[in-house]
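**Q** sequence plus the predicted model coming up.
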Amino acid sequence: MYHFFVDPCQISDKSVIITGEDVNHIKNVLRLKCGDEISVSNGIDGRDYRCGIEKITGTEVVCTLRFIKEDGVELPSRVYLFQGLPKGDKMEFIIQKMVELGVHEIIPVAMKRCVVRLDDKKAKSKAARWQGIAEAAAKQSRRGVVPRVHEVMGYQEALAYAAGMDIRLVPYEMEDQLEGAAGMAGTRQVIDRLEPGQSVAVFIGPEGGFEENEIQSAISCGVKPITLGRRILRTETAGMTVMAWIMYRLEM
């Protein structure tokens with residue numbers, strides 16, 4: 001079943017009106033017909049509105065609301081990914097997969113070992129493209145909301161943004177060299193203690209990893225270093241690993 005997002009004002013007690021680019025996609029790409037069933041979300045409340053297509057015009061698709069599925073697909077906790085800017089198109093891949101796994105927000109972060117440097121104009125253009133990728137991934141995975149992709153933040157700004165979150169984690173390949181290191185047993189303990197309703201921040205370094213003073217800054221702000229195991233993971237793998245563990249814990 002195909003899934004679409006609309007503004008809340010386009011959903012009434014008995015009908016749903018789809019406008020914009022999705023009209024052409026429904027009519028000329030998917031070639032859906034009257035009577036076909038689709039699902040719709042307003043991107044806010046996480047509900048899944050099941051509809052039957054009643055009429056297709058050049059500017060809108062009119063649907064009859066059949067029923068509302070209250071128990072949506074969203075995780076019971078909000079997970080925020082603070083991703084060190086990677087090279088090339090890796091950020092697009094990361095956004096797509098993290099949205100599929102259930103992330104709530106994605107915050108690109110400029111860190112010291114980031115190779116990519118974006119000026120204001122490029123940063124805004126990238127953010128718009130990244131948001132589009134998040135929306136497409138949300139449609140594909142039938143999310144109830146479209147995760148927000150922020151414009152690039154500085155590292156200290158990112159730490160400040162995460163300050164009020166319940167759980168703050170930073171996977172670090174040299175966690176075993178830090179004072180109080182607990183290894184994988186510590187990581188398991190942190191994941192096992194996650195509870196529905198908590199907000200979770202996850203900081204992932206770029207290809208070159210974190211500089212030591214970045215880790216110390218994070219620790220001083222209450223961010224807990226964890227390990228992801230004995231192997232060094234790529235930046236595009238690390239976040240998905242943590243997200244998969246969190247998803248598994250919260251949906252048990």
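**A** Good, I have the coordinates.

**Q** when you work out contacts or count neighbours from here on, use the C-alpha atoms and nothing else.
**A** Fine.

**Q** which one is the residue nearest the centre of the chain nearest to, not counting chain neighbours?
**A** Centroid-nearest residue in the chain: residue 103, 3.2 Å away (criterion: C-alpha atoms, centre = their mean). Leaving aside its chain neighbours, residue 103 sits nearest to residue 79 (5.2 Å; criterion: C-alpha to C-alpha, 6 or more residues apart in numbering).

**Q** shouldn't that neighbour be within a strand?
**A** Yes: counting by DSSP: H, G, I helix; E, B strand; the rest coil, residue 79 is located in a strand.

**Q** got the contact list for it?
**A** 102-105, 199-202 (C-alpha atoms under 8 Å, 6 or more residues apart in numbering).

**Q** can you do 7 Å?
**A** 103-105, 199-201 (C-alpha atoms under 7 Å, 6 or more residues apart in numbering).

**Q** pLDDT at it, what is it?
**A** pLDDT recorded at residue 79 is 98.

**Q** what about it, distance to residue 21?
**A** In this view, residue 79 and residue 21 are 29 Å apart by C-alpha to C-alpha, to the nearest Å.

**Q** what's the answer for residue 94, then?
**A** Relative to residue 21, and taking C-alpha to C-alpha, residue 94 is found at 25 Å.

**Q** pick out whichever of these two has more residues nearby.
**A** Comparing residue 94 with residue 21 by other C-alpha atoms under 10 Å, the one with more neighbours is residue 94, at 22 against 10.

**Q** and the helix or strand encompassing the more buried one, which residues are buried?
**A** Element membership for residue 94 (DSSP states H and E) is helix 90-101. Buried residues in helix 90-101, counting neighbours by 16 or more other C-alpha atoms under 10 Å, are found at 91-92, 94-101.

**Q** which single one of these is nearest to residue 169?
**A** Nearest to residue 169 among the buried residues of helix 90-101: residue 98, at 16.2 Å, using C-alpha to C-alpha.

**Q** which SSE is the residue lying closest to that closest one once chain neighbours are set aside in?
**A** Sequence neighbours aside, residue 240 is the residue nearest to residue 98 in space, at 6.3 Å (criterion: C-alpha to C-alpha, 6+ apart). Residue 240 belongs to helix 235-250 when assigned by DSSP H and E.

**Q** what does that helix contact?
**A** Residues from elsewhere that reach helix 235-250 (C-alpha under 7 Å, 6+ apart): 76, 90, 94, 98, 101, 191-192, 195-196, 204-207.

**Q** the strand or helix carrying residue 83 pairs with which strands?
**A** In the assignment (DSSP H and E), residue 83 maps to strand 78-84. Sheet pairing of strand 78-84 (DSSP bridges) gives strand 105-110 (parallel), strand 199-204 (parallel).
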